[in-house]
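Participant: Need a 3D model of the following:
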Amino acid sequence: MPAQSPRTLWCLWALLIRTFWTLWHQGRELGKVVAGGAMMGPAVENLSYPTTKTTSGLIMLSEAAAEPAQVNPCIRCGRCVEYCPMGLEPVEVNQAYAARDVQELGKLHVDYCFNCGSCSFVCPAKRPAPR
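Facilitator: Below is the predicted model of the structure:
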């Protein structure tokens, strides 16, 4: 089986997450484990945690796959605005945040952002989402 091939494993509740890593790792170093979905799932700190009835999935990343992408300057393509479900302008929000301009953040309706991550996901420059 190729080293990077994904797997679907069905399990009973209460199996330790370490059990899945043992089945999947194939000699790789563990980089990160996410319980749940890629967008909202929390990172797992300890492989001794059990799976529960609310564990919808585990994303297990090797050390190489867990490395964050290099962040490049914004190329002003507008994809982040196009894909934002709230119609915000993430580039302007980030600039106002960096400048600590509270009034500008209010004008941009930064409080409408619910941190879905769509802007970062579609960004070809891999810019981070507004915080």
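Participant: List the contacts of the residue nearest the centre of the chain.
Facilitator: For the chain, the residue nearest the mean C-alpha position is residue 39 (4.7 Å; CA atoms, centre = their mean). Residues near residue 39 by CB atoms under 8 Å, 6 or more residues apart in numbering: 116, 117, 121. Where you see a C-beta, it was placed from the backbone N, CA and C, and this is true even at glycine.
Participant: what do you get for residue 127?
Facilitator: Neighbours of residue 127 in contact, by CB under 8 Å, 6+ apart: 71, 72, 74, 80, 90, 91, 94, 119, 120.
Participant: So which of those is the closest to residue 18?
Facilitator: Checking those against residue 18 by CB to CB gives residue 120 as the nearest, at 30.2 Å.
Participant: what separates the closest residue to residue 47 other than its chain neighbours from residue 44, distance-wise?
Facilitator: Nearest non-adjacent residue to residue 47, counting by CB to CB, 6 or more residues apart in numbering: residue 18, 3.9 Å away. Shown here: residue 18 relative to residue 44, a distance of 10 Å by CB to CB, to the nearest Å.
Participant: of these two, who's got more company?
Facilitator: Of the pair residue 18 and residue 44, residue 44 is the one with more neighbours under other CB atoms under 10 Å, namely 18 against 15.
Participant: distance of the residue nearest to residue 56 when sequence neighbours are not counted from residue 120?
Facilitator: Using CB to CB, 6+ apart and skipping the chain neighbours, the partner closest in space to residue 56 is residue 36 (5.6 Å). Applying CB to CB, the value for residue 36 to residue 120 is 18 Å.
Participant: Give me the more crowded residue out of these two.
Facilitator: Comparing residue 36 with residue 120 by other CB under 10 Å, the one with more neighbours is residue 120, at 20 against 15.
Participant: show me what contacts the more buried one?
Facilitator: Residue 120 is in contact with 80, 126, 127, 128, 129, counting by CB under 8 Å, 6+ apart.
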